[in-house]
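Chemist: Generate coordinates for the sequence data below:
(chains A, B and C)
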Amino acid sequence: MTASGQGRPESRAPDETVAGATADPPADEAPLLVVDELVKHYAKRGKTLRRDAGIVHAVCGITFSIGRGETLGLVGESGCGKTTTGRAVLQLVAPTSGSVRFQGRELTGLGSHSLREVRRDIQVVFQDPFASLDPRMPVGESIAEPLHIHGQWERGTGRRRVADALTLVGLEPAHANRFPNEFSGGQRQRVGIARALILEPKLLVLDEPVSALDVSIQAGVVNLLEELQERLGIAYLFIAHDLSVVRHISDRVAVMYLGRIVEIGTRADVYERPEHPYTQALLSAVPVPDPRKERSRTHIVLEGDVPSPEAPPSGCRFRTRCWKAKDVCALEVPELIDRGGGHPVACHFPERTAVV
Amino acid sequence: MADPTLSVDKLKVDFGQGDDAVHAVRGISFTLDPHQVLGIVGESGSGKSVTALAAMGLLPKSAVASGSITYAGKELLGLREKELATIRGVGIAMIFQDPMTSLNPVYTVGWQIAEAIQAHQEVTKSEAMAKAVVLLETVGIPNAADRVGNYPHEFSGGMRQRVVIAIAMANNPSVILADEPTTALDVTVQAQVLSSLKTALEETGASLLLITHDLGVIAGLADRVLVMYAGRPVEIGTVEQIFYEPAMPYTHGLLGSLPRLDSDGNERLRQIPGSPPSMVGDRQGCPFAIRCPLRADICDREEPELRAVVGPVDPVGADSSADGPGAPADPGPAGADATAPVHLAACHFADQVVRLPVASMFPDTSADHEDVRE
Amino acid sequence: MTDTSDLTPRQQRRQMVATTEAGMHTLPSVPPAAGSDDQDQHGLTGEARGQLATVIWRFFHDPQAMVGLVVFVGLAVAAVLTQLFWTYGSTSITDTLNGPPSPAHPFGTNSIGGDMFAQVMRGTLQDIEIALLVALMATVLGTLVGAVAGFYGGRVDSTLMRFVDLILVIPVLVVLIVLANVVAKQTDNWFWLALIIGALSWTYIARLVRADFLTLRERDFVEASRALGASNRRLITRHMLPNALGPIIVNATITVALSISLESTLSFLGLGIQPPNVSLGLLIDQGQDSATTEWWLFVFPVVFLIVLILSVFFIGDGLREALDPKKNRVRA
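Modeler: Next up is the predicted model:
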């Protein structure tokens, strides 16, 4: 594998935003991935005869972009639609509407042949290290599979590339003909990463890549991902619910709630200067492993449950649990724009508060 | 010195026999004092869940348990179901990871709480129901008076767990055992449930045995912490001692591998190489040795006992013997003394380790040189 | 065909995901050999000890399965050897009529002087041939239909399954009885018989494979391959089929056993194999009247039939155990 590619863009001024849009990567570089008003609705299998019955509004108009070599963390709790977003970007599910442009090329509606070409450059790492590898294939074969699919397999070089991939993720090349069940969870996840990287993609979508791992093993995989990004200049779409991990690895962060992005900005913006009440509640709810700090923090405890994606509230979706909710919140959907705080936030009454 | 309410002494739990036996718990002792929160922390394979099951009397038939678990002076291990049932709910209440373990889907929530109350108190049905509503309010369920007639499936996961907490509180237990109560929940829901749990502790004055792998939750709730590794406790201390002055390399490693919400994210995480050992068969020496940067010969020969740690404040007469760092000057008693905050660690070099900055001994690289299992 | 519900996809999955948490080592389902080093510990050469090797190991260490295998193979081999080397053929006629077992005729002779040993062996061979052909047909056809239905789902699935239901509704025996007269007249009638039985017994495998594929389709590693750009064909052949193989194989062996049974019933009723061809069922039919007097005409075919079917069942059981052993795993 070559070590070409750019690292983190250094020519970026902190908190630089483009008014009226999402917090974009530097304007001198065309972004690698642009997602525009992505919508995904699932129809539930006909339980009732009513027309509109049972539509799950999984993703409702998401817009963001990722630049070369940077990491966008997509966070939210269950049902927020972040996993569906990931799958839609990968075209594993067809978006209901909206556009996904990769390197300027529109991905939605692409034929399977063209899509396969694009898949050389966009890859994915799944959450479950047990399930994402075919249990009946030796790991070397799993890692080599992309080469076979894209016609890049040749006897001699192929094997060497697999060995290189294994070394790259910190495993022993000699273990290539072992089966997945002989590895530990952390090692399996590394195999999954090796498989995703062997074609040298430009963008890696990671869907909860460390959630299923023990804490002490997560650290190794997270470090690996950081190192790989520095060496290879890959961009990451890092989808996770663990805010601590996301803070650690992301350059920019988008917070999702019930299918919409409620706040997006640089890592510092979101973690140190959150403006949306949901972001603040989310951050304050994460327990910090530091007894003195944890016990002296204020913890915002939200009332009530997350509404069902089948019946999202009108206007601002967070209003049913928001302590600031006023009438306008039910009537008008707040747009994701910069309201003076330096980064886009979708709230009628944003208020910068440090909660970490 | 108050009488400990729950006391575990040299508990061992094995599954199966002979060479194939899984030694899930290899000798754990601790006491849970009244009004205290003890957090048991460990990763998978540490034996913490099996310990919880043993304390609850819920071990499967294939398990062989030895040692002793006493509650209010009564031995729980080996007690018959009938007698255990009299203690459960009123003496020891339990909260599991999956609320549906404790909730019956065919009865309303109010009915279940009322039933728990009536099982141990002399009250009428309507009195019990009234109390049920109060309990639901206490744990923070909105519209409690209406929702008391709902069924479990009509609540979300977090709400269900709060109902379970309400049931646990119903009879003012002395001890609450919570096994990974918030692990499966979203973080804002977790905050709600933890807040309900805190309320429950305040209202009932119960002590809490909290078993989890989440160090953040421990930091927020626990008074004392017990760290488990490979079936044994490897460090016990107050929450401050464990987080700020860990004396066992594994604890250092755990703390150092956590990404922090409040850090600026530019530091590398420190990982512990390798992975937890298999629980099968017998072993010699310290089970953490192969992953430990301080590994020495003695570590492979002798499994370290839990010994009192001489903290950084106290002077230590270290000797300069040739084979590695000196031995601790005064081992001290291995038992727990409820009045003095005893800090115990199972490491041959605990007194050196306690002086090191947290996690500094672990590498911040990413390579994994762990061997593949045969 | 009977229900082999034991090997559900969930159980297969449970075997794979032996513990719930990553990072914990699986309890070895095979105890590690004392003092084992780098060398593969089961005596199998080669570096990788994969699923296949583990399955084979388990099978060969299951006494019941081995008994079944040995007996089945033994019977097959004996039958073939008898064809080649035994003094008498199945159609030979000797002078000894209704002779009890003797050194020259270990199984005695029947009313027209035919050697029973040759006949029983020929019958056994015939049954095995039919059964294997049926199993092959049923498995191939069933797997094909099931895979397509399970993989594509939707309308393809519904259409195919409606077709399967149609076939299931048809009582096999009735069809056979109806067609038996036609078939019986063919010289090669065993082949046609096998074909008909096969055509009507593939449905169970189809349902099984379909169910497996429906689940497998959602498995992460299939999604992962799809995300890599794998074509549907690749997904089916390289990922899903190998993982669905377990129940297919087990069911194939059950099909073997049951088709022997079915064929015997038919022949017993006079609707299956016709003379001068021989099958165990036919022999039983022929011998049933003389069961009390010339016991050897009845007993030997019956015993061989039972042993044959049992041995196949043992093999099937052994395969099922080897693929999905039942163990208790504990979360620590």
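
Chemist: Tell me how far stretch A:273-290 lies from the chain's centre.
Modeler: 19 Å (Cα atoms, centre = their mean, to the nearest Å).

Chemist: What mean pLDDT does it get?
Modeler: Stretch A:273-290 shows a mean pLDDT of 92.

Chemist: Now do the buried residues in that stretch.
Modeler: A:273-290 (16 or more other Cβ atoms under 10 Å in any protein chain shown). The way it works is simple: take the backbone N, C-alpha and C, and place the C-beta from them, glycine included.

Chemist: What's the end-to-end length of it?
Modeler: 21 Å (Cα to Cα, to the nearest Å).

Chemist: So which residues of the stretch 1-150 of chain C form helices?
Modeler: C:9-16, C:51-60, C:63-85, C:116-152 (DSSP state H, counting those that start in this stretch).

Chemist: So which bits of the second one are buried?
Modeler: Within helix C:51-60, the residues that count as buried by 16+ other Cβ under 10 Å are C:51, C:53-55, C:57-59.

Chemist: just those now: which is nearest chain A?
Modeler: Of all the buried residues of helix C:51-60, residue C:51 has the smallest distance to chain A: 5.5 Å, by Cβ to the nearest Cβ.

Chemist: quick one: contacts for the residue lying closest to residue A:209 once chain neighbours are set aside?
Modeler: Distances taken as Cβ to Cβ, 6 or more residues apart in numbering or on different chains put residue A:125 closest to residue A:209, at 5.0 Å, once the chain neighbours are dropped. Listed by Cβ atoms under 8 Å, 6 or more residues apart in numbering or on different chains, the contact set of residue A:125 reads A:132, A:189, A:192-193, A:196, A:204-207, A:209.

Chemist: For the host helix or strand of residue B:177, C-alpha coordinates in PDB please.
Modeler: Under the criterion of DSSP states H and E, residue B:177 resides in strand B:175-179. Extracted in PDB, the C-alpha atoms of strand B:175-179 (Å, rounded to 0.1, in the frame of the first residue of the first chain):
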ATOM      1  CA  VAL B 175     -29.500  -4.300  49.500                       C
ATOM      2  CA  ILE B 176     -30.000  -3.600  45.800                       C
ATOM      3  CA  LEU B 177     -28.100  -5.700  43.300                       C
ATOM      4  CA  ALA B 178     -27.900  -4.200  39.900                       C
ATOM      5  CA  ASP B 179     -26.300  -6.200  37.100                       C
END
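
Chemist: So what are the sheet partners of it and their directions?
Modeler: Here strand B:175-179 has these sheet partners by DSSP bridges: strand B:92-95 (parallel), strand B:207-212 (parallel).

Chemist: Give me every residue in the stretch 101-250 of chain B lying close to chain C.
Modeler: residue B:231 (Cβ under 8 Å from any Cβ of the partner chain).

Chemist: quick one on the thing from earlier: just checking, next helix/strand downstream of the strand holding residue B:177?
Modeler: helix B:187-204.

Chemist: For stretch B:61-70, give the mean pLDDT please.
Modeler: pLDDT averaged over stretch B:61-70 gives 88.

Chemist: Give me the buried stretch members for it, please.
Modeler: Under 16+ other Cβ under 10 Å, the buried positions of stretch B:61-70 are B:63, B:65, B:67, B:69-70.

Chemist: Now for the residue lying closest to residue A:354 once chain neighbours are set aside, how many residues are close by?
Modeler: Residue nearest to residue A:354 in three dimensions, not counting chain neighbours: residue A:272, with 6.1 Å by Cβ to Cβ, 6+ apart. By the criterion of other Cβ atoms under 10 Å in any protein chain shown, residue A:272 has 17 neighbours.

Chemist: Could you list the low-confidence segments of the stretch 1-150 of chain A?
Modeler: A:1-28, A:45-53 (pLDDT under 70).

Chemist: returning to that earlier point: with respect to residue B:248, which of the buried residues of helix C:51-60 is nearest?
Modeler: For the buried residues of helix C:51-60, the residue nearest residue B:248 by Cβ to Cβ is residue C:54; the value is 37.5 Å.
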